Every structure is written in C-alpha cells, then in structure tokens.
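Asker: here you go, sequence then predicted model.
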Amino acid sequence: MLKTIFLIGIGGGAGSILRYLVSIYLLKYSKSTLPVATLLVNILGCLAIGILLGILGKQQIQNPNIKYLLVIGFCGGFTTFSTFAAENIQLLQTGNFLTVFSYITLSILLCLIAVWLGLFLTK
C-alpha cells in the first residue's frame, strides 16, 4: 500500500509540475480570455492517458506499478478538471457566456477525441 501511494505521489507531483510549467509558458504568450493553458493540458493529458491505456492493454502489461505511476499519478496530476470547473464559474460570474460555452464544448469534444486518438495510435 505504501509503495502504491508513493508511486502515485511521485507521478502526480511530476504531472502537477509539468502542468504548472505549461501554464506559465502559455500565460506568458496568450492574451485570450479562453483558458488556453488548461484546455491544452486537458487535451494532452487525455491523449497521454489514451496512449498509456492502449499500450498497457495491447502489451498486456500486468505490472500495476506502471499504471499507478503514469496513469493515476502523472495523468491525474497533469490534467486539471478541478481548475476547469473553477475557471468556468469565474467566467460565468464575469458574464463571459460565449467563452464558457466554447470552453466547455471544446474541452469535452477535443478531450474525448484525444483519448480515442491515443487508443487508436496504439493499435
């Protein structure tokens, strides 16, 4: 149990740090009201989880430590749906209804496509 928690923590920490670095970089160059950094991170995280699950399934890798470290830990730390929800509430509170609709729609559609693409790429 401790080993599992450690693996998830290490993966989650690495994912969170990478999410932060992507956000800092994109915030520096994006002037959009659309939260581009969170959108990109969620799409990339969904693609990564699709690829990882596809590889684990295709190769029939039975070692759960890889899943704990990369799927639950890294992808869980890297993706930001809690931030996604908070940002949408903030946009709603400021009256940016078109941005909210666009952000939610793009996030859901593109992330679903990214997971499918990740699974497809591993076939």
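Answerer: Received it, and whenever you're ready, just let me know what you need. For clarity, every value in this text was computed on a predicted model and none was experimentally measured. Numbering: from 1, shown residues only.
Asker: where along this structure do the helices fall?
Answerer: Taking DSSP state H as the criterion, the chain carries its helices at 2-29, 36-58, 64-66, 76-78, 81-93, 97-121.
Asker: so what does the most far-flung residue of the chain relative to its centre look like in phi/psi?
Answerer: Most distant from the centre of the chain: Gly95, at 26.1 Å, with distances by Cα atoms, centre = their mean. Torsion angles at Gly95 (phi, psi; degrees, to the nearest 10) stand at phi 80, psi 20.
Asker: centre-most residue in the protein?
Answerer: In the chain, the residue lying closest to the centroid (Cα atoms, centre = their mean) is Thr79, at 2.6 Å.
Asker: now do the contacts for that one.
Answerer: Gly15, Arg19, Val41, Asn42, Gly45, Cys46, Ile49 (Cβ atoms under 8 Å, 6 or more residues apart in numbering). Where C-beta positions appear, they are placed from N, C-alpha and C, glycine not excepted.
Asker: repeat the analysis, applying 7 Å as the threshold.
Answerer: Val41, Asn42, Gly45 (Cβ atoms under 7 Å, 6 or more residues apart in numbering).
Asker: also Gly54?
Answerer: Listed by Cβ under 7 Å, 6+ apart, the contact set of Gly54 reads Gly118, Leu119, Leu121, Thr122, Lys123.
Asker: tell me which two of these sit farthest apart.
Answerer: Maximum pairwise distance among the contacts of Gly54 (Cβ to Cβ): 10.4 Å, between Gly118 and Lys123.
Asker: what about Leu7, how many residues nearby?
Answerer: If you count neighbours by other Cβ atoms under 10 Å, Leu7 ends up with 20.
Asker: got phi/psi on Lys31?
Answerer: phi -110, psi 10.
Asker: distance-wise, check it relative to Leu91.
Answerer: Shown here: Lys31 relative to Leu91, a distance of 16 Å by Cβ to Cβ, to the nearest Å.
Asker: which one's more surrounded, these two?
Answerer: Neighbour count, other Cβ under 10 Å: between Lys31 and Leu91, Leu91 has more, with 21 against 6.
Asker: understood, closing this out.
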